[in-house]
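Asks: Whatever this is, show me its structure:
(one chain, ligands or ions: 3)
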Amino acid sequence: MWRRVSSLTQFVSPTKSSSILNQPAYTLKIWESFTTQFPNLEKGGISFKDRISFITFVLGGPGSGKGTQCEKIVETFGFKHLSAGDLLRREIASKSEYGSMILNTIKDGRIVPSEVTIKLIQKEMESSDNKKFLIDGFPRCEENRIAFEQIIGAEPNIVLFFDCPVEEMVKRLLNRNQGRVDDNMDTIKKRLEVFEELNLPVVNYYAEKGKLHKICALGTEDEIFEQVWPVFAACKVIQ
Ligand SMILES: Nc1ncnc2c1ncn2[C@@H]1O[C@H](COP(=O)(O)OP(=O)(O)OP(=O)(O)O)[C@@H](O)[C@H]1O
Ligand SMILES: O=c1ccn([C@@H]2O[C@H](COP(=O)(O)O)[C@@H](O)[C@H]2O)c(=O)[nH]1
Ligand SMILES: [Mg+2]
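Replies: Numbers count the residues shown, from 1 in each chain. Ligands and ions are numbered 1, 2, ... in the order given. The predicted model follows:
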């Protein structure tokens, strides 16, 4: 079981019943209406789902180095990289109808409703000619995971988990300097709390399914990639 209660205590608030962890509940009815809005597209008579050849979920705490390693994976193995956080930030920048809700959710370190994030991921997957997807920073919670399986109709082939000490993640985030609204100590504390309470259960789920590849995320970027490379090589993923 991946739990970090002791190392998180100085960074997260003591109460477990804070509103940060109250995620919206969805009924089956909502999912039914949602799936009818996004028919799986066919290209050359082959359904979207059948065109997918390999899905990797990339998980890890905030600042664990997911995005950095994804760039290296793309260079070496030729995946289509979909960062859920980047898609949401693009949505904010485009001033779409969900923009302000997404911005407030990210500022609070909470999780955007599944239907919004999955719609963005699905659009990117459907419009890509690539059949191999690297989905970075998603699923964030069990509800995200179940919704993805229902709507996309697929499961990840493998899941990478970048395991990084909290102190190192905090140091990296505070030094990132990319102008992100959530790279401040208040939001970082909330993101760590959400990671532990909602994201680690997803990590544990895939560990139990035998799909999880745990990577020690301490060291140089190249040292970390030395652990990542054999995972894809063993799956015979080629460029
Ligand atoms: N191995 C490493 N050693 C030191 N710094 C690193 C390492 N890998 C990444 N970084 C730096 O740490 C910061 C966070 O990395 P990155 O953005 O890849 O993390 P992330 O897991 O995608 O974070 P988030 O969940 O917030 O998107 C960046 O400034 C990056 O340059
Ligand atoms: O599936 C997702 C992914 C991200 N979010 C929100 O975005 C921020 C930033 O995400 P990064 O992966 O760190 O770039 C995250 O804290 C969430 O607020 C989300 O809701 N769902
Ligand atoms: Mg990232």
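
Asks: thought residue 145 was touching residue 199?
Replies: No. Taking contacts as CB atoms under 8 Å, residue 145 lies outside contact range of residue 199: 10.0 Å. (Glycine included, C-beta is placed from N, CA and C.)

Asks: of those two, who's got more company?
Replies: For residue 145 against residue 199, the residue with the higher neighbour count under other CB atoms under 10 Å is residue 199, and the figures read 25 against 20.

Asks: I'd like the distance between that one and residue 208.
Replies: Plainly put, residue 199 is 15 Å away from residue 208 if you go by CB to CB, to the nearest Å.

Asks: ditto for residue 134
Replies: 22 Å.

Asks: for the protein, what are the low-confidence residue spans?
Replies: Residues of the chain meeting the criterion pLDDT under 70: 1-43.

Asks: which residues touch the closest residue to ligand 2 within it?
Replies: Minimum separation of the chain from ligand 2 (CB to the nearest ligand atom) falls at residue 85, amounting to 2.1 Å. For residue 85, the contacting residues are 106, 136-137, taking CB atoms under 8 Å, 6 or more residues apart in numbering as the criterion.

Asks: and the helix or strand containing it, is it in reach of ligand 1?
Replies: Counting by DSSP states H and E, the secondary-structure element that holds residue 85 is helix 84-93. Yes. Interface with ligand 1: helix 84-93 contributes residue 85 (CB under 6 Å from any ligand atom).

Asks: coming back round to it: so which of residue 134 and residue 208 has more stuff around it?
Replies: More neighbours surround residue 134 than the other of residue 134 and residue 208, with 25 against 10 (other CB under 10 Å).

Asks: so is that one in a helix, a strand, or just coil?
Replies: When the structure is reduced to helix, strand and coil (DSSP: H, G, I helix; E, B strand; the rest coil), residue 134 reads as strand.

Asks: ok, the closest residue to it other than its chain neighbours - how many residues close by?
Replies: Residue nearest to residue 134 in three dimensions, not counting chain neighbours: residue 79, with 4.0 Å by CB to CB, 6 or more residues apart in numbering. A count of neighbours around residue 79, defined by other CB under 10 Å, yields 24.

Asks: quick one: contacts for residue 79?
Replies: Listed by CB under 8 Å, 6+ apart, the contact partners of residue 79 are 54, 56, 70, 73, 130, 132-134.

Asks: where does it sit relative to residue 216, distance-wise?
Replies: Applying CB to CB, the value for residue 79 to residue 216 is 22 Å.

Asks: And for residue 63?
Replies: With distances taken as CB to CB, residue 63 is found 15 Å from residue 216.

Asks: The two: which has the busier surroundings?
Replies: Shown here are residue 63 and residue 216; by other CB under 10 Å, residue 63 has more neighbours (25 against 12).

Asks: This protein against ligand 1: which residues are in contact?
Replies: By the criterion of CB under 6 Å from any ligand atom, the positions of the chain lying close to ligand 1 are 60, 62-68, 85, 137, 172, 176, 219-221, 224.

Asks: What is the burial count for residue 130?
Replies: Number of residues near residue 130 (other CB under 10 Å) recorded here: 16.

Asks: wait, it sits on residue 81?
Replies: No. Judged on CB under 8 Å, residue 130 makes no contact with residue 81 at a distance of 9.5 Å.
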